[in-house]
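In: With the input below, show me the fold.
(2 chains)
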Amino acid sequence: MSLQEELVGPPPAKLIVDHVSKWFRTTRQTVHALDDVSLNIGEGEFVCLVGPSGCGKSTLLDIISGLEVPDQGTVTADNEPVLNPGRHRLVMFQESALFPWLDVTGNVMFGLKLKPGLTNKERLEVAKFFIQLVGLEKFSAAHVHELSGGMKQRVALARALAPNPRVLLMDEPFAALDALTREQLYSDIQRIWQKRRKTIVFVTHNVREAVCLADRVILFSRNPGRIREQFDIPLPRPRDINSIQLAEHAGEITRALKGHSTGEVSE
Amino acid sequence: MKRALLATIFFLILLAIWSVIVQLKIWSPILLPSPQSVGEYLLGAARDGTLLQATSVTVRRLLVGYLIGIAIGLPLGLLTSASKFVEDTIGVLALGLQTLPSVCWIPLALLWFGQTESAMLFVVIMGTVWSVVIATDTGVRNIPPIYARAARTMGSRGLHKWTKVILPASLPYLVSGMKQGWAFAWRSLMAAEIYVTILTGFGLGHLLHYGRELHAMDQVIGVMFVIVLIGLLTDKIVFAPIERFLHRRWGTGLR
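Out: Next up, the predicted model:
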C-alpha cells in the first residue's frame, strides 16, 4: 500500500445492527441495557446516538466496536460479523485514554505500529500528517500531562484516524470540555470528516451537538434502551452550532426527548 | 537553600541535645557515649578500612538478593494479576508470607544452608519477593481500564498488550513496589547479618553485633548511623528522582 493510499484511506464501511439486545447482570439487579435495536448506517454516514443517560447508547457503541458482545442479535461491518475489537473500527472515548508514558507522536503511532504493511518511516509520515490535521504540529513531542483537555481530545482524534479505520466510533468525546473548546472542535470535526469521509457513530446527550454534526440523529429511550425516533438533518455544512435553523431542529428533538422522559415518569 | 539551612539547623540541635544529655551524666558513658566518641569511632573505622569493607560486603549481598527477589517477584506478580488460578494459589501464598517477618526465615535458612552466604541470600530474597509480588499485582490491577480498552480497539493483544500497555501503565506502582521491596530487603539483611555468623564476609550487621559483644557502644551507635545513612541515600539518590520523573510524566501525586 502506498503512502498516498494510506492517507486517502479505504472506503468507509456500512454498518448493520440487527436485533441487538443486551442485559447487564449484577448480583443485585439485572439491567436491560438494549432491547431489540436494529439500525442501518450507510457508508460514510455521520450518525449521532442521543438519549438520556442509561439508555444504552454507549453500550451500543461498545457492541459496534467489538468491546462488548451482544446477548442477542448481531452487528455486521461490511458484510463481516463483528466479534472482536479491530483496527477498522476505532474508538474515541470520553476521557482521552491517551497513554501518559508516550509523547503525542508516540500516542498517534501506537495504532499505526500495529498495522502491517508499512515501514516505520511511512508510519512516522502518517502520524505527522494527522498531527498536523488536528493542528498540533507544534506539540508533537509534548507529553500528555502538558496538554489541555481540548488538545488531548485532538490527539485522541489523530490517534483514532491515523490507522485509517473505516468506522470511527466516538463516545461523548467532548463532554468534559468547555463550550469554547467544544465549538472549535465541532468545526474541526466537520472539516476533517468532509476531507476524509468515514462512517462515524457519535454518542452524546447534547442535542445541539448531535444536530450540528450528524446526517441523522437517532433518539434512544431508556429502561430498556430502545430506538424511539430518527431525525434526518438536511442542513448544509459546515454548520454553526449557534445558527437558528440548527436550533429549530434541536428544539424538535429536545421536545421529543422530553416527551418520552415525562411519559416514562407517568408509567 | 533555605530548606537545606533549616534542615541543617534541625540536625545540629539534635546533636546538641545529645551532647547536653551526655554532659549531665545521667547514664554512664558505656551506655550513652558522646557524639565525639562515636565520631572518633567512625573516623577510625573509616581510616583502617573496616567500615568500607563491611559496607561493601553488605551492599553486595543486598544488591544480589534484591535483584534476584525482583527477578522472581515481578513476573510472579504479573502472573497473579493475569490468572485467577495463580491469584488463588501463588497470590494467597505471597499475601501470607509477606506478613511473616523476615527474621522468621533465619532458623530455617540456617538449618538448610548452614552458616553460609546462601543462608544470607535466602533470607534477603524471601524478604523481598513477596512484597514485590503484591506490589506488582496491585499495580496492574490499578491501571485505568480505559487504557486496556483503547489498546484493544487498536488491535493490541497478548505479548504486545503486556509489554506496551500494561507494564508501562503500571510503572508508577511497580517503582513504589520496588522501593518497598528494597526496604524489606534491607531489614532482612540486617536481621540476617546480626543473627548469622559467617566467615565469608563481615558486614555492617556483624559490626553491630560485635559492638554489643564488646560493649563498644560507640561502635553500635556509629554503625547504626551508617545503616541509616545508606537507607537515606538510597532513597534520595536512587528512588526519589525516579518517582519524581514518573509523577511528572503520569501527572500523578503532584504537590
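In: which residues in the stretch 151-267 of chain A form helices?
Out: For the stretch 151-267 of chain A, the helices defined by DSSP state H, counting those that start in this stretch occupy A:179-195, A:207-213, A:244-266.
In: Tell me which of these sits nearest to chain B.
Out: helix A:179-195 (18.8 Å; Cβ to the nearest Cβ). Any C-beta I mention is one placed from the backbone N, CA and C, and that applies to glycine too.
In: now that closest one: mean pLDDT?
Out: What helix A:179-195 shows for mean pLDDT is 88.
In: and if you look at stretch B:26-35?
Out: 88.
In: picking up where we left off before, make JSON lines from the helices of the stretch 151-267 of chain A and add mean neighbour count to it.
Out: Converted to JSON lines, the helices of the stretch 151-267 of chain A look like this (neighbours: other Cβ atoms under 10 Å in any protein chain shown):
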{"stretch": "helix A:179-195", "mean neighbour count": "16"}
{"stretch": "helix A:207-213", "mean neighbour count": "24"}
{"stretch": "helix A:244-266", "mean neighbour count": "14"}
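In: ok, now which ones touch the residue nearest the centre of chain B?
Out: A centroid search over chain B (Cα atoms, centre = their mean) returns residue B:183, at 2.4 Å, as the residue closest to the centre. By Cβ atoms under 8 Å, 6 or more residues apart in numbering or on different chains, the residues touching residue B:183 are residue B:231.
In: Could you say which helix or strand holds it?
Out: Residue B:183 belongs to helix B:171-195 when assigned by DSSP states H and E.
In: What's the first helix or strand after that helix?
Out: According to DSSP H and E, the helix or strand after helix B:171-195 is helix B:204-213.
In: and the nearest residue to residue A:214 once chain neighbours are set aside, what are its bridge partners?
Out: Nearest residue to residue A:214, sequence neighbours excluded (Cβ to Cβ, 6 or more residues apart in numbering or on different chains): residue A:48, at 3.8 Å. Taking DSSP bridges as the rule, residue A:48 bridges to residue A:202, residue A:217.
In: Count the neighbours of residue A:48 for me.
Out: 27 (other Cβ atoms under 10 Å in any protein chain shown).
In: now do residue B:84
Out: So residue B:84, with other Cβ under 10 Å, has 9 neighbours.
In: Could you report the pLDDT at it?
Out: Confidence score, pLDDT, at residue B:84: 90.
In: Show me where the stretch 1-150 of chain B has its helices.
Out: B:2-23, B:35-48, B:50-82, B:84-86, B:92-98, B:105-113, B:117-141, B:145-153.
In: Quick one: closest of these to residue A:236.
Out: helix B:145-153 (32.5 Å; Cβ to Cβ).
In: Can you name the residues of the stretch 51-200 of chain B that neighbour chain A?
Out: Contact residues, the stretch 51-200 of chain B versus chain A (Cβ under 8 Å from any Cβ of the partner chain): B:146-147, B:149-156, B:160, B:164-165, B:168-169, B:171.
In: one more time with 6 Å
Out: B:146, B:149, B:150, B:152, B:153, B:154, B:155, B:168 (Cβ under 6 Å from any Cβ of the partner chain).
In: Please spell out the PyMOL selection for the buried subset of these.
Out: In PyMOL, this line selects whichever of these come out buried by 16 or more other Cβ atoms under 10 Å in any protein chain shown:
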select buried, chain B and resi 149+150+152+153+154+155+168
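In: Dump the residues of the stretch 51-200 of chain B next to chain A into a markdown table; add distance to residue A:217 as well.
Out: What follows is these, written out as a markdown table (distance: Cβ to Cβ, whole Å):
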| residue | distance to residue A:217 |
| --- | --- |
| B:146 | 26 |
| B:149 | 26 |
| B:150 | 26 |
| B:152 | 29 |
| B:153 | 24 |
| B:154 | 28 |
| B:155 | 31 |
| B:168 | 39 |
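In: for stretch B:187-201, which positions count as buried?
Out: B:187, B:188, B:189, B:190, B:191, B:192, B:193, B:194, B:195, B:196, B:198, B:201.
In: For it, give the mean pLDDT please.
Out: For stretch B:187-201, mean pLDDT rounds to 85.
In: Stretch A:134-150 now?
Out: So the average pLDDT for stretch A:134-150 ends up being 91.
In: CA atoms only for that stretch, dumped as PDB, please.
Out: C-alpha atoms of stretch A:134-150 as PDB (Å, rounded to 0.1, in the frame of the first residue of the first chain):
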ATOM      1  CA  VAL A 134      -5.700  18.300  14.100                       C
ATOM      2  CA  GLY A 135      -3.500  21.300  14.300                       C
ATOM      3  CA  LEU A 136      -0.900  20.100  16.900                       C
ATOM      4  CA  GLU A 137       2.300  20.000  14.900                       C
ATOM      5  CA  LYS A 138       4.000  22.300  17.500                       C
ATOM      6  CA  PHE A 139       3.200  19.800  20.200                       C
ATOM      7  CA  SER A 140       4.300  16.600  18.500                       C
ATOM      8  CA  ALA A 141       6.900  16.000  21.200                       C
ATOM      9  CA  ALA A 142       4.800  17.100  24.100                       C
ATOM     10  CA  HIS A 143       3.700  14.700  26.900                       C
ATOM     11  CA  VAL A 144       0.100  14.100  27.700                       C
ATOM     12  CA  HIS A 145       0.100  15.900  31.000                       C
ATOM     13  CA  GLU A 146       1.300  19.100  29.300                       C
ATOM     14  CA  LEU A 147      -1.800  19.300  27.100                       C
ATOM     15  CA  SER A 148      -5.100  20.900  27.800                       C
ATOM     16  CA  GLY A 149      -8.300  18.900  27.700                       C
ATOM     17  CA  GLY A 150      -9.200  20.000  24.200                       C
END
